[in-house]
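# below: sequence and its predicted model.
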Amino acid sequence: MNIILFDGICNLCNSGVQFIIKRDSKGHFKFASIQSETGQRLLKKHGVSNKIDSIIVIENEKIYIKSDAALHISKYLDGYWKYLICFKVLPSAFRDFLYDIVAKNRYKWFGKKESCMLPALETKARFLD
């Protein structure tokens, strides 16, 4: 199973999940919020700190974080989004520097919710919680 762990109270992250769902027509990914019991269990199982400020992809027991996670997701999306993988040629330190700027400011720039989102009925099966 291929899982995306995301910040369930972050508006940007929730919009990102909806974006992925619309463009992942093959249903490659399942989702869980980092704040959920499932998310916390998966972080612990894979030795990832629950203080991490990143989207996390778990695929075949391999962990992708920060820009590696975002680019890994893009290669499974419909349309031209899969070509974002070409940014892998940039050094990860540079990509992660840019990623960290957005991650640190995401609540200020995009806001946050009081609680995790509830998935719509048509996409509920894609969520592990």
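That came through, no problem. Please read all numbers here as calculations on a predicted model, not as lab measurements. Numbering: from 1, shown residues only.
# any weak-confidence spans in the chain?
115-122, 129 (pLDDT under 70).
# all strands for it, in order.
2-6, 29-33, 56-59, 62-65 (DSSP state E).
# name the helices or strands packed onto the first one?
It stands for strand 2-6. helix 11-23, strand 29-33, helix 37-45, strand 56-59 (3 or more C-beta pairs under 8 Å, 6 or more residues apart in numbering; DSSP states H and E). For every residue, glycine as well, the C-beta is placed using N, CA and C.
# in the first one, which residues are buried?
Neighbour-count burial for helix 11-23 flags 11, 12, 13, 14, 16, 17, 20, 21 (criterion: 16 or more other C-beta atoms under 10 Å).
# now do the contacts for the residue lying closest to residue 81 once chain neighbours are set aside.
Sequence neighbours aside, residue 74 is the residue nearest to residue 81 in space, at 5.1 Å (criterion: C-beta to C-beta, 6 or more residues apart in numbering). Neighbouring residues of residue 74 by C-beta atoms under 8 Å, 6 or more residues apart in numbering: 81, 82, 83, 84, 85.
# what is the burial count for residue 25?
By the measure other C-beta atoms under 10 Å, the count of residues near residue 25 is 11.
# and what of residue 10?
Residues near residue 10, counting by other C-beta under 10 Å: 23.
# for this structure, what's the longest helix?
Assignment by DSSP state H gives helix 92-110 as the longest helix of the chain.
# which residues outside that helix are in contact with it?
Outside of helix 92-110, the residues within contact range by C-beta under 8 Å, 6+ apart are 7, 10-13, 15, 53-54, 66-68, 70-71, 87.
# can you tell me the closest non-neighbouring residue to residue 63?
That would be residue 46: by C-beta to C-beta, 6+ apart, it lies 5.4 Å from residue 63.
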